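Trainee: All I have is the shape, not the residue letters:
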């Protein structure tokens, strides 16, 4: 009987762990991707602004870099 109880507890533990893991993966992964891409886009647009002699619209450069990063990371595919 103890052997069966141990297997049941282990099965319940693994099932709950998988459910929680999938919840974290589905809810926090997109936020991490977006935050990382926003940081990359900001730094990239600052580099472009510093290298260009002609003034570049920073908002459009940021938006374009952000969209490129997000599409490359597969953020829009979901």
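Mentor: In hand now; what should we look at? Keep in mind it's a predicted model, so treat the numbers as computed, not measured.
Trainee: From here on, just use CA atoms for contacts and neighbour counts.
Mentor: Noted.
Trainee: quick one: residue 76 and residue 68 touch, right?
Mentor: No - the pair residue 76 / residue 68 is not scored as a contact, 10.4 Å apart, by Cα atoms under 8 Å.
Trainee: buried residues in the lowest-mean-pLDDT helix or strand in the chain?
Mentor: Sorted by mean pLDDT, DSSP states H and E, the helices and strands of the chain end with helix 58-72, the least confident at a mean of 81. Neighbour counts over helix 58-72 (16 or more other Cα atoms under 10 Å) mark 61, 62, 65, 66, 67, 69, 70 as buried.
Trainee: Show me what it is packed up against.
Mentor: Under the contact definition 3 or more Cα pairs under 8 Å, 6 or more residues apart in numbering; DSSP states H and E, helix 58-72 sits against helix 2-51.
Trainee: Distance from the helix it packs on to the middle of the chain?
Mentor: Taking the mean of its C-alpha atoms, helix 2-51 sits 8 Å from the chain's own mean (Cα atoms, centre = their mean, to the nearest Å).
Trainee: and the angle from that helix to helix 58-72?
Mentor: For helix 2-51 against helix 58-72, the angle by axes from the mean of the first three to the mean of the last three Cα atoms, to 10 degrees is 150 degrees.
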